[in-house]
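Visitor: Turn this into a structure:
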Amino acid sequence: MQGEINWPVKARDLHSHHLDSTIWDDFRFRDDDIIIATYGKAGTSWTQQMIAQMMFGGDPELAVAEMSPWLDLRVPPKQVKLPEVEAQTHRRFLKTHLPVDALVFSPQAKYIYIGRDGRDVVWSLYNHHANANDLWYDALNNTPGRVGPPIDPPPADIRQYWHDWMDRDGYPFWAFWENVRSWWAVRDLPNVMMIHFADLKRDMPGEMRKIAAFLDIEIDETRWDTIVEYCSFDWMKAHATKSVPLGGAFWDAGAEVFINKGVNGRWKDTLTADESARYEARAKAELGEACAHWLQSGERA
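Guide: Reported below is the predicted structural model:
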């Protein structure tokens, strides 16, 4: 059966102040690997927490950010990161912010892609960027190997940030539309699951059970209520150092600022009706009607 499937093939590399996709060329897959993929700010850390807590039966001490690194982040370099990941003895669950065609794709691994309306993504991204400290900029801009321009502090006006992101497709991070489009294109592969931030907000326990079934994780029912509690937004924010990279050292306000508000629609108080309509029209043009509808609502036709 697998021989009849056109599995994705890596077609290019992406480099930036954040990204080094070449790490996937040297990564040695295991048959039970889990890859959590998003454009970013779509519930990545939240999903990592859910998977970790379900796999380990509800453990408040799990250092999820260390257990589940962002593989294609170029800091630390792959010469450091790959041996650490190779040494892991638990079932690995790694994250990526790459489009499919910049990945080495394994037919044996399982992939979860989380979608979120681009407007909500940008509002969360702005909080992440505006609160970053000098250590963050130094790591991204001055660690050897950066390709392309450095990342600078964001403008004070979030509307300007929004227009820059829209006009320059994901600036100052990476392209948005191709990321979503590439994962939507492989949504029907047997080892790919598409979930949505809005569904996680609406029914987190129900979505967790779907994720567990897809990943063949056997849930300890005697610990279920505790597992769910440890995945709640309030619990994660109160214990953010466990799920945020380097315990939040890149943000002067601490790890809690990384786990920000966890809500949708904050852009409604800032974007005009015309600006919002232009985004929705762009989404349909870039993604097609069905994918644009899913990205906005979580609903699949």
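
Visitor: Quick check: residue 158 touching residue 124?
Guide: No. Here residue 158 does not reach residue 124: they are 11.3 Å apart, not a contact under Cβ atoms under 8 Å. C-beta here means a position set from N, CA and C on the backbone, and glycine is covered the same way.

Visitor: So for these two, which residue has more residues nearby?
Guide: Taking residue 158 and residue 124 together and counting by other Cβ atoms under 10 Å, residue 124 has the greater number of neighbours (23 against 18).

Visitor: Am I right that that one is in contact with residue 38?
Guide: No. Between residue 124 and residue 38 there is no contact, the gap being 11.1 Å when judged by Cβ under 8 Å.

Visitor: Run through who's touching the helix or strand containing residue 229.
Guide: According to DSSP states H and E, residue 229 maps onto helix 224-230. In this structure, residues lying in contact with helix 224-230 by Cβ atoms under 8 Å, 6 or more residues apart in numbering are 49, 53-54, 57-60, 204-205, 208, 219-220, 235-236.

Visitor: what's the answer for stretch 137-152, then?
Guide: Surrounding stretch 137-152, the residues in contact under the criterion Cβ under 8 Å, 6+ apart are 15, 16, 17, 18, 20, 74, 75, 77, 153, 172, 250.

Visitor: In the stretch 101-250 of the chain, where is pLDDT below threshold?
Guide: Across the stretch 101-250 of the chain, the ranges flagged by pLDDT under 70 are 243-250.

Visitor: all strands for it, in order.
Guide: 110-115, 192-196 (DSSP state E, counting those that start in this stretch).

Visitor: Now tabulate those in TSV and tack on distance to residue 90.
Guide: What follows is the strands of the stretch 101-250 of the chain, written out as TSV (distance: least, Cβ to Cβ, whole Å):
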stretch	distance to residue 90
strand 110-115	15
strand 192-196	20
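
Visitor: Point out the most buried one among those strands.
Guide: The densest packing among the strands of the stretch 101-250 of the chain, expressed as mean neighbour count by mean count of other Cβ atoms under 10 Å, is seen in strand 110-115 with a mean of 24.

Visitor: tell me what that one is packed against?
Guide: Under the contact criterion of 3 or more Cβ pairs under 8 Å, 6 or more residues apart in numbering; DSSP states H and E, the helices and strands touching strand 110-115 comprise strand 34-37, helix 44-55, helix 177-185, strand 192-196, helix 197-202, helix 204-215.

Visitor: can we see that at 10 Å?
Guide: Applying 3 or more Cβ pairs under 10 Å, 6 or more residues apart in numbering; DSSP states H and E, we find strand 110-115 packed against strand 34-37, helix 44-55, strand 93-96, helix 177-185, strand 192-196, helix 197-202, helix 204-215, helix 289-297.

Visitor: Would you map the helices across the stretch 1-150 of the chain?
Guide: Read by DSSP state H, counting those that start in this stretch, the stretch 1-150 of the chain holds these helices, from start to end of the chain: 23-26, 44-55, 64-67, 78-86, 118-130, 134-142.

Visitor: List the buried residues for the first one?
Guide: Applying a neighbour-count criterion of 16 or more other Cβ atoms under 10 Å, the buried positions in helix 23-26 are 23, 24.

Visitor: Let me see the residues that make contact with it.
Guide: Helix 23-26 has contacts (Cβ atoms under 10 Å, 6 or more residues apart in numbering) with 10, 13, 35, 71-74, 77-79, 81-82, 85-86, 96, 98, 102-106.
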